[in-house]
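Participant: Below: sequence and its predicted model.
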Amino acid sequence: MNTKSNDAISLLVKDHKDVKAMFELFEGLTDRSKASKKKIADQICHALTVHAQVEKEIFYPAVRNAIKDEDMMDEALVEHASAKELIAQILDMDPGDELYDAKVKVLSEQIEHHVREEEEEMFPKVCKTNLDLVALGEEMAARKEQEETAGAGH
């Protein structure tokens, strides 16, 4: 895949790497680090919320029209909905709550699966289309900035 640093796919891949690093940070914490766990889990949830919003509003509609793979795009949206539900549960919990760590772990696994499908299946298909990925990336970056400034609902 030949991508530029400011194109749509590069932006999404950077988000994927950032979130993966946050999950790894979370997993490295002990049960005594409740405040740190909450802070990192909330950061993960915020980052994923913004990322999913930008994908759903801008990237997916453009890609759906370009790659003509309805099943792949529908599956991605269902994965988003599932993650959104877990994110809401995690945000409403405290690290001392039963199943808190388990929910963060399951979210991590779901996101890992979703990222793998995007990076190995969807993105290569997108690169074969004539989508203007730089223009799309600029639109996504602007939207992401809006979401982050708005605090993504927090």
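Facilitator: That came in fine, so what should we check first?
Participant: do you know how far the closest residue in space to His16 that isn't next to it in sequence is from Phe23?
Facilitator: Take His16 and drop its neighbours on the chain: the residue closest to it by C-beta to C-beta, 6 or more residues apart in numbering is Val115, 4.7 Å away. (Glycine included, C-beta is placed from N, CA and C.) Distance of Val115 to Phe23, computed by C-beta to C-beta, to the nearest Å: 11 Å.
Participant: still on that earlier bit, contact partners of the helix or strand containing the residue nearest to His16?
Facilitator: According to DSSP states H and E, Val115 maps onto helix 100-117. Here helix 100-117 makes contact (C-beta atoms under 8 Å, 6 or more residues apart in numbering) with 16, 19-20, 23, 26-27, 37, 41, 44, 48, 72, 75-76, 79-80, 82-83, 86-87, 89-90, 93-95.
Participant: Swap in 7 Å and give it another go.
Facilitator: With C-beta atoms under 7 Å, 6 or more residues apart in numbering as the test, helix 100-117 has contacts from 16, 19, 23, 26, 41, 48, 79, 82-83, 86-87, 89-90, 93-94.
Participant: If you count neighbours, what's buried in the helix or strand hosting Val63?
Facilitator: For Val63, the host element (DSSP H and E) is helix 60-67. Of the residues in helix 60-67, 60, 62-64, 67 count as buried by neighbour count, 16 or more other C-beta atoms under 10 Å.
Participant: Please render the residues you listed as CSV that adds distance to Lys125 to the earlier fields.
Facilitator: Listed next are those as CSV, based on distance: C-beta to C-beta, whole Å:
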residue, distance to Lys125
Tyr60, 13
Ala62, 13
Val63, 8
Arg64, 11
Ile67, 5
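Participant: before we move on, back to that, so for the next helix or strand after the helix holding Val115, what's the average pLDDT?
Facilitator: Sequence order places helix 123-127 as the next helix or strand after helix 100-117, per DSSP H and E. Averaged across helix 123-127, pLDDT comes to 96.
Participant: Run through the neighbouring helices and strands of helix 123-127.
Facilitator: Here helix 123-127 touches helix 60-67, going by 3 or more C-beta pairs under 7 Å, 6 or more residues apart in numbering; DSSP states H and E.
Participant: Please save the CA atoms from the helix it packs on in CSV.
Facilitator: Provided in CSV are the C-alpha atoms of helix 60-67 (Å, rounded to 0.1, in the frame of the first residue of the first chain):
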residue,chain,number,x,y,z
TYR,A,60,-17.1,4.3,5.6
PRO,A,61,-19.6,6.1,3.3
ALA,A,62,-16.8,7.0,0.9
VAL,A,63,-15.4,3.5,1.0
ARG,A,64,-18.8,1.7,0.7
ASN,A,65,-19.4,3.5,-2.6
ALA,A,66,-15.8,2.8,-3.8
ILE,A,67,-15.2,-0.9,-3.0
